[in-house]
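**Q** what would the 3D arrangement of this be:
(one chain, ligands or ions: 2)
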Amino acid sequence: MLEDLASVMFDEEALKEKCRGLGQQIAKDYEGKDLLVVGILKGSVMFFADLTRNIGIPLHIDFMVASSYGNGTETSGKVNIKKDLSVDIKGRHVLLVEDIIDSGITMSQLKVELAKREPASLKLCALLSKPSRRKVDVDIDYCGYEVPDEFLVGYGLDYAENYRNLPVIGVLKREIYS
Ligand code: IMP
Ligand code: MG
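**A** Ligands and ions are numbered 1, 2, ... in the order given. Prediction:
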């Protein structure tokens, strides 16, 4: 079934190893700090679950749903927060967890909004980044993989809400969406 719709880019073993490596690095960097890890839904769901289980220090978790009002070229618009955090982040060390940074517009807007709430620090961990698609600069403090400009699905990533439950990340075949 999978072979018919996507070609595998990162298999389960690779993703597991990646989460282990990132988790260890994050644990080291935040040792002794009040860490709040924020998953950006829905795309980060699988990555978030695997990553946080590899961060071997005490932490809290929370979630947000956000999208950009921008039309792809608009960079000054406000981010549309569809589900906000359930806690105040003032004075806390916040680590955002996102599936993929594409144009960078959503995340750059979200970071501006969250910075206004005066966290002690605000960093970003993204599993995937497509640097060739960037329209605005976004600092990715922890980046899993840089990927080419292909449409990826699985491990939380969707095409029209489908394929999020694939255990691997694959390149969606063009005949599926063209
Ligand atoms: P941007 O960085 O503001 O352009 O938005 C990034 C968002 O677009 C991600 O959080 C994903 O929801 C979505 N996205 C970008 N590229 C892909 C892809 O290859 N597959 C699935 N979703 C993608
Ligand atoms: Mg997303």
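**Q** secondary structure element holding the closest residue to Asn80 other than its chain neighbours?
**A** Spatial nearest neighbour of Asn80, excluding adjacent residues (C-beta to C-beta, 6 or more residues apart in numbering): Ser67 at 5.0 Å. (Each C-beta comes from the backbone N, C-alpha and C, glycine too.) With secondary structure defined by DSSP states H and E, Ser67 is part of strand 60-68.
**Q** that strand vs ligand 1: in contact?
**A** Yes - Strand 60-68 lies within reach of ligand 1 by C-beta under 6 Å from any ligand atom, at Ser68.
**Q** could you name the helices and strands sitting against the very next helix or strand once past that strand?
**A** Following strand 60-68 in sequence order, the next helix or strand is strand 79-83 (DSSP H and E). The contact analysis (3 or more C-beta pairs under 8 Å, 6 or more residues apart in numbering; DSSP states H and E) places strand 79-83 against strand 60-68, helix 105-115.
**Q** so how far is the biggest helix by length in the chain from its chain's centroid?
**A** Longest helix in the chain by number of residues (criterion: DSSP state H): helix 12-30. A distance of 14 Å separates the centroid of the chain from that of helix 12-30, by C-alpha atoms, centre = their mean, to the nearest Å.
**Q** packing partners for it?
**A** helix 45-52, strand 93-101, strand 121-129, strand 142-146.
**Q** ok, residues contacting the strand holding Ser67?
**A** For strand 60-68, the external contacting residues (C-beta atoms under 8 Å, 6 or more residues apart in numbering) are 35-42, 48, 52, 74, 77, 79-87, 105-106, 109-110.
**Q** lowest average confidence, helix or strand, in this structure?
**A** Lowest by mean pLDDT, DSSP states H and E among the helices and strands of the chain is helix 2-5, with a mean of 78.
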